[in-house]
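**Student:** no sequence on this one, just coordinates:
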């Protein structure tokens, strides 16, 4: 994420490590498994430096706090709590999706079984909220802490709604684009919106521009998911870590596929719908499906949507606060999130 952001990441990591210290030897494996998931421990709970997330959500929080004139250090407990919520959701997502790997290592459920993984995720969710409560101990006004916690709880529920829709789509023959956008709004955009909004809330108070920061985070979250959908079909395996056209092979209902089904259905062309209804696709089927998707202009349509949401998010940020190093860092982080570097 760049050397200028290293102090922010280091502060968040230190806070999370503090939160994940076991209160007794008997439950050390529970806390050790959480540290394992976060890339700090091996499967015997010995310290390692394994692949980790990019800590985008805490960075959105801390930079938003700074951009409105606050001290980003005061928002570290909140940023750590946001990252723990994100990772709790990943532990449970891996169970629900039957994904055996997470960041090139066995997922928590694959390592310790589904029952323990459910409990490990639940524990991380509880610790996330307790970590946010640290704000009160360091002097943050009670009304600000309460408002931040309420937004975090609302966001956690939105994550669950989005995940529900994502799983429900697997067995539904038809999914509208509107319902898809509702799904990614909860599953992906909600936590980025919460991170930016609550960071601004801590930095500027209840009367600050936190609603504009919420829109900034939400729009970039939508753009990020749409870009991820594009990579799920046309991304290079070396970049995505997944097989070529992984979303086509799994018949996942992502934006390009749904758009193509809609366009081709209106034309009376049913080959893509037939392929997507099959229980499995061979290499010829995958190639045929991609030809259909491209013929419908779905790749260009999705790229244009991602760009539109990106620009709307950046506009909300620029309207919220005047130029500053923190605003510039937020803009750069947002562009890297959607695969751009300008």
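**Tutor:** Received it, and whenever you're ready, just let me know what you need. These numbers were taken from a predicted model, which means no experiment stands behind them.
**Student:** quick one, helices of the stretch 201-342 of the chain?
**Tutor:** 210-234, 237-240, 246-249, 255-267, 271-276, 283-295, 298-320, 325-337 (DSSP state H, counting those that start in this stretch).
**Student:** of those helices, which approaches residue 24 most closely?
**Tutor:** helix 210-234 (37.9 Å; CB to CB). No exception for glycine: its C-beta is placed from N, CA and C like everyone else's.
**Student:** So which bits of that closest one are buried?
**Tutor:** Neighbour-count burial for helix 210-234 flags 210, 212-234 (criterion: 16 or more other CB atoms under 10 Å).
**Student:** Show me what that helix is packed up against.
**Tutor:** helix 56-67, helix 177-184, helix 190-204, helix 237-240, helix 246-249, helix 255-267, helix 298-320, helix 325-337 (3 or more CB pairs under 8 Å, 6 or more residues apart in numbering; DSSP states H and E).
**Student:** Let me see the residues that make contact with stretch 40-47.
**Tutor:** Outside stretch 40-47, the residues that touch it by CB atoms under 8 Å, 6 or more residues apart in numbering are 17, 28-29, 32-33, 35-36, 48-50, 52, 106, 111.
**Student:** who's in contact with the nearest residue to residue 324 once chain neighbours are set aside?
**Tutor:** Leaving aside its sequence neighbours, residue 324 sits nearest to residue 67 (CB to CB, 6 or more residues apart in numbering; 6.1 Å). For residue 67, the contact set (CB under 8 Å, 6+ apart) comprises 200, 203, 213, 317, 320-321, 324, 326-327, 330.
**Student:** 6 Å instead?
**Tutor:** When contacts are counted by CB atoms under 6 Å, 6 or more residues apart in numbering, residue 67 is found next to 321, 326-327, 330.
**Student:** now those residues in a markdown table, with neighbour count and pLDDT?
**Tutor:** Listed next are the contacts of residue 67 as a markdown table, based on neighbours: other CB atoms under 10 Å; pLDDT from 0 to 100:
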| residue | neighbour count | pLDDT |
| --- | --- | --- |
| 321 | 22 | 97 |
| 326 | 20 | 97 |
| 327 | 19 | 97 |
| 330 | 27 | 97 |
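**Student:** Mind putting those into CSV with distance to residue 6?
**Tutor:** Listed next are these as CSV, based on distance: CB to CB, whole Å:
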residue, distance to residue 6
321, 23
326, 15
327, 19
330, 16
